[in-house]
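[1] Okay, sequence plus prediction incoming.
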Amino acid sequence: MNISELTDKARGIAQCLTYNDDEHQAAAKHMLLEMAHRLDTFDVRAHKKADGLLLVNGIGKARFATMKERALHWLFGILPNKV
């Protein structure tokens, strides 16, 4: 199971919970949504564009890779941990 599938499952479980029932259910829902959000920041994908290598995380935040990051990706296939 990859990070994207894990965050989708966590959000699906959180959707079944409610903030209005009791405090334990509300805490569990909040924790699952926070966990999914934080894991999505580490899910980095690379897209080749005409301007360079575009790095996008699971939330949708994007930036172009630096020359050092482009070289590491080209030589070793390594992507940065965060965007």
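    Perfect, I can see it now.
[2] gap between H30 and M67?
    41 Å (C-beta to C-beta, to the nearest Å). Every residue, glycine included, has its C-beta placed from N, CA and C.
[3] what's the answer for S4, then?
    Distance of S4 to M67, given as C-beta to C-beta: 28 Å.
[4] and what of M35?
    34 Å.
[5] Looking at these two, which one has more neighbours?
    Set M35 next to M67 and count neighbours by other C-beta atoms under 10 Å: M35 wins out with 15 against 9.
[6] Local confidence estimate at that one?
    Looking at M35, its pLDDT stands at 96.
[7] Please list all residues in contact with it.
    Going by C-beta atoms under 8 Å, 6 or more residues apart in numbering, M35 touches 7, 10.
[8] Which neighbouring residues are in contact with the nearest residue to A28 once chain neighbours are set aside, exactly?
    Spatial nearest neighbour of A28, chain neighbours left out: L17 (5.8 Å); criterion: C-beta to C-beta, 6 or more residues apart in numbering. Applying C-beta under 8 Å, 6+ apart, one finds that L17 lies in contact with 25-26, 28-29, 32.
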